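>>> Here is a sequence with its predicted model. Questions after.
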Amino acid sequence: MKKLFWFGWIGLLLFEIANVYFIMPMPGSQRMDSIDLAYFLYRWRWVIRGLFALMLIIGLPGAKWHRKWKWALVFPLLVLGMVIYMANFNMAADAMFRQPEQFVLAGAAENKVDSNRLVIGVTINGEAKAYPIRFLGYHHHVQDIVGGKAIMVTYCTVCRTGRVFEPIINGKKETFRLVGMDHFNAMLEDATTKSWWQQATGKAVAGKLKGQQLPEVLSTQTSLSHWLVLHPESRIMQADSTFIASYDTTLKYESGKSKNKLTGTDSLSWKDKSWVIGVKCGDERKAYDWNQLKQERIIHDKLGNTPLAVVLASDDRSFFAFELPATGVELSMTNDTLLLINKHFRIDGRGIDTAYSLKQLQAYQEFWHSWQTFNPDTKK
């Protein structure tokens, strides 16, 4: 009976640790292909807990030691209780990073967000909204409606990935919660099927909906000041007073000066924590070195059969990628005004002296380790 007690105690202890280990950034956990194991443990967690708890309870009478030591079992039970509490409350992703209690947006005149902050900007059906990375980095995802369309704006500071999706599954609007991390990327769980979705790709990687894809929405990462020049009518997400202490109060992360092991930046090129601009064009993927872009301002290239250009604005923070009309045709730029075949365009591609606008391609600024992990066929 005593052995049964200790088998149940050890089993429950190790299970609670493993249930957190595989989906949180712990030594070695994020470099393993362990998503199926992690999901199995999570899906059957109550069955596994019940089994080990039953062993513990059945073995408890036989585990009582000599009456002089009758309180000796209090310590291991206390340790077990602490581990269970920490694993399910202190270290649970959605307990550490909570959703806004007050989701407030304001126009430029009422805005209180520092204009130097980076934002993920979205425009749909003539409506523009901006979501500061300072807030997204803590909340990881927020849901909103832009231009009549439901969207989910997501961000993972460990990958430096900003993505916007339609929270639509099988034709129905869905809600999500942050459940953990896989390969250093935030992972979300839908409320209906409990499937797990990668933030970097919008794909379900475990559960009933494994293999399904959330529709992606075109988004742009810029400084707020630059965004408001392009979209003066935009509304901007404001801080939730409940989480002021949780938001990044400095520009160190956004500027690449953070010294944190998970979110810090390598200033050299093509290192794991180096910045790249990842561009999607059809089924093709390619990464461009941030240091090269800062030096050249415009990078011309061809991805598959598509000629393109990646441009960096004068603030050294706002970037855009465009499909060009023909091979050999190149952009030039003066004071954030683009010139193509004697026609002028804003830095976001909108025509100035022409009704024609450049076709914007989806482009992201993120860590090289993230881009190559989730885009294994990428070129560079």
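Arrived safely. None of the values given here were measured: they were computed from a predicted structure.

>>> where does the nearest residue to residue 183 once chain neighbours are set aside land in three-state SS?
Of all residues not flanking residue 183 in the chain, residue 373 sits nearest, at 5.4 Å (CB to CB, 6 or more residues apart in numbering). Quick note: C-beta positions are derived from backbone N, CA and C, even for glycine. Here residue 373 is helix, with the state taken from DSSP: H, G, I helix; E, B strand; the rest coil.

>>> thought residue 193 was touching residue 208?
Yes - Residue 193 is in contact with residue 208 according to CB atoms under 8 Å; the separation is 4.4 Å.

>>> so what's residue 309 up against?
Residues near residue 309 by CB atoms under 8 Å, 6 or more residues apart in numbering: 298, 299, 300, 301, 321, 322, 324, 330, 331.

>>> give me the number of residues near residue 359?
As a burial measure, residue 359 scores 13 neighbours (other CB atoms under 10 Å).

>>> per-residue confidence for the nearest residue to it once chain neighbours are set aside?
In space, and not counting its chain neighbours, residue 359 is closest to residue 323: 4.3 Å by CB to CB, 6+ apart. On the pLDDT scale, residue 323 is placed at 96.

>>> Tell me the backbone dihedrals of the residue lying closest to residue 196 once chain neighbours are set aside, please.
Sequence neighbours aside, residue 206 is the residue nearest to residue 196 in space, at 4.3 Å (criterion: CB to CB, 6+ apart). Here is the backbone geometry of residue 206 (degrees, to the nearest 10): phi -160, psi 150.

>>> can you pull the pLDDT of residue 206?
97.

>>> any idea how far residue 173 is from it?
Applying CB to CB, to the nearest Å, the value for residue 206 to residue 173 is 22 Å.

>>> likewise residue 201?
Residue 201 sits 20 Å away from residue 173, going by CB to CB.

>>> List the contacts of the residue nearest to residue 196.
So residue 206 contacts 35, 36, 38, 39, 195, 196 (CB under 8 Å, 6+ apart).

>>> and if we set it to 10 Å?
Neighbour list for residue 206: 35-40, 42-43, 179, 182, 187, 189, 194-198 [criterion: CB atoms under 10 Å, 6 or more residues apart in numbering].

>>> Quick check on those residues: which are buried?
35, 38-39, 42, 179, 182, 187, 189, 194-198 (16 or more other CB atoms under 10 Å).

>>> how many neighbours does residue 81 have?
10.

>>> coming back round to it: have a look at residue 193 and residue 208 and say which one is more surrounded.
Shown here are residue 193 and residue 208; by other CB under 10 Å, residue 193 has more neighbours (16 against 11).

>>> Looks like the more buried one contacts residue 169 (just checking).
Yes - counting by CB atoms under 10 Å, residue 169 is a contact partner of residue 193 at 7.8 Å.

>>> hey, what's the nearest residue to residue 318 once chain neighbours are set aside bridged with?
Sequence neighbours aside, residue 222 is the residue nearest to residue 318 in space, at 3.7 Å (criterion: CB to CB, 6+ apart). Taking DSSP bridges as the rule, residue 222 bridges to residue 119.

>>> for residue 311, same thing?
Here residue 311, judged by DSSP bridges, has bridge partners residue 298, residue 320.

>>> and it, how many residues sit next to it?
The criterion is other CB under 10 Å. On that basis, residue 311 has 24 neighbouring residues.

>>> And it, what's its pLDDT?
Residue 311 carries a pLDDT score of 98 in this model.

>>> what's the spacing between it and residue 334?
As defined by CB to CB, residue 311 lies at a distance of 12 Å from residue 334.

>>> Residue 87 reaches residue 21, doesn't it?
Yes - Residue 87 is within contact range of residue 21, at 9.3 Å (criterion: CB under 10 Å).

>>> show me what contacts residue 9?
So residue 9 contacts 52, 53, 55, 56, 59, 60, 63, 73, 76, 77, 79, 80 (CB under 10 Å, 6+ apart).

>>> Buried ones among the residues you listed?
Among the contacts of residue 9, those classed as buried by neighbour count (16+ other CB under 10 Å) are 52, 53, 55, 56, 59, 60, 63, 76, 80.

>>> Would you double-check that the first one falls in a strand?
No - with three-state DSSP as the criterion, residue 52 is assigned helix and is not in a strand.

>>> ok so, going back, put the buried members of the contacts of residue 309 into a PyMOL selection.
Only the buried entries of the contacts of residue 309 go into this PyMOL selection, using 16+ other CB under 10 Å:
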select buried, resi 299+300+301+321+322+324+331
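
>>> Between the contacts of residue 309, which sits nearest residue 348?
residue 322 (9.2 Å; CB to CB).

>>> Against residue 349, how distant is the residue nearest to that closest one when sequence neighbours are not counted?
Leaving aside its sequence neighbours, residue 322 sits nearest to residue 358 (CB to CB, 6+ apart; 4.2 Å). As judged by CB to CB, residue 358 and residue 349 stand 3 Å apart.

>>> which one of the two has more residues nearby?
A count of neighbours by other CB under 10 Å puts residue 358 above the other of residue 358 and residue 349, at 24 against 21.

>>> For residue 98, give me the pLDDT.
On pLDDT, residue 98 comes in at 94.

>>> which residues does it contact?
Counted by CB under 10 Å, 6+ apart, residue 98 has contacts 138, 139, 140, 177, 178, 240, 242, 243, 246.

>>> Among these, which lie within helices?
Within the contacts of residue 98, residues falling in helices by DSSP state H are 138, 139.
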